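Chemist: Here is a sequence with its predicted model. Questions after.
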Amino acid sequence: MNNEISVLIIDDEKLARDIVKKYLQQNEKVKLLGECSNGFEGIKSINELKPDLIFLDIQMPKITGFEMLELLDEKPQIIFTTAFDQYAIKAFEVNATDYLLKPFSLERFNEALNKAIDKIYRNDKEKIDYENLISKVNDFPNVINRIVVKTNQKIVIIPVDKIYYLEAQDDYVMIHSELGNHLKQQRMKYYEEHLNIDEFIRVHRSYIVNINEVKQVDLFEKESYKVTLKNGEKIPVSKSGYSRLKELMK
């Protein structure tokens, strides 16, 4: 491989990008390919330019750094540049190439950069476990307000208030919403834990419904019910799901 390390910066803050650029200019081993101000530009540039290393902010508009990672087919080495909380940082310490907590010094920047360069020179012998990293981040008890999915080459952002219901399909979840039906590789348990519990309820082991979309609940057969949604679709409800539904609809 060429000894020069190709680098891309993805951060919505121009000042943050300028600082990284300034620090990179002091290292002759790296070549800056470009900079992006959001995750969509980041995906496009990564696919086109195939950088060895990216500096990636997490909390960006449109899609976050983590949502962007989930949409990448091939992932370069990553140094997070973030003001994320200490729990996330613990995950980075275990899984990511490195992280830089803003504001960071030139000394700390060079430490992270040299660590990444060393890994790239060693031809990815210690690749980042992205699935584990994203899994750990997903374990944090935050409430999501959107779901990002990739269908072929199209990226769709689904606001959770547009969702009718979610349906388990093996290792995937089908998201039924005003924007259509989209398949996402994720666990139902994740959505059960990260959707607003005042608005979404698991009524069946295979279904989570948006309570605002429920029109009525009817007895289907002994200890078995069905929810009729405002769009006319009917969703099975288990005995325990019915108890939770009754409690939420009081």
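Modeler: Looks like it arrived, so ask away. Computed from a predicted model, the values in this text were never measured in an experiment.
Chemist: For the rest of this, base every contact and every neighbour count on C-alpha atoms.
Modeler: Fine.
Chemist: which one's the longest helix in the protein?
Modeler: helix 106-121 (DSSP state H).
Chemist: Buried ones in that helix, by neighbour count?
Modeler: The neighbour-count check on helix 106-121 (16 or more other C-alpha atoms under 10 Å) flags Phe109, Ala112, Leu113, Ala116, Ile117, Lys119, Ile120 as buried.
Chemist: Put together CSV for the residues you listed, with distance to Lys239 on each row.
Modeler: Below are those laid out as CSV (distance: C-alpha to C-alpha, whole Å):
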residue, distance to Lys239
Phe109, 55
Ala112, 53
Leu113, 55
Ala116, 52
Ile117, 56
Lys119, 53
Ile120, 54
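Chemist: and Asp12, that one's in a helix?
Modeler: No - under DSSP: H, G, I helix; E, B strand; the rest coil, Asp12 falls outside any helix and is assigned coil.
Chemist: pLDDT wise, what is it at?
Modeler: Note on Asp12: pLDDT of 94.
Chemist: how much space between it and Leu71?
Modeler: Separation of Asp12 from Leu71 (C-alpha to C-alpha, to the nearest Å): 18 Å.
Chemist: Could you do Ile201 as well?
Modeler: 27 Å.
Chemist: would you say Asn27 is within a helix?
Modeler: No - assignment of Asn27 by three-state DSSP gives coil, placing it outside any helix.
Chemist: is it true that Ser238 touches Tyr225?
Modeler: Yes - under the criterion of C-alpha atoms under 8 Å, Ser238 makes contact with Tyr225 at 6.7 Å.
Chemist: Mind listing residues that contact stretch 223-243?
Modeler: Contacts with stretch 223-243, where a contact means C-alpha atoms under 8 Å, 6 or more residues apart in numbering, come from 164, 201-205, 207, 213-220.
Chemist: Just the buried ones from those residues?
Modeler: If you count burial by 16+ other C-alpha under 10 Å, the buried members of the contacts of stretch 223-243 come out as Tyr164, Ile201, Arg202, Val203, His204, Tyr207, Glu213, Val214, Val217.
Chemist: what is the mean pLDDT for stretch 63-70?
Modeler: Averaging pLDDT along stretch 63-70 yields 86.
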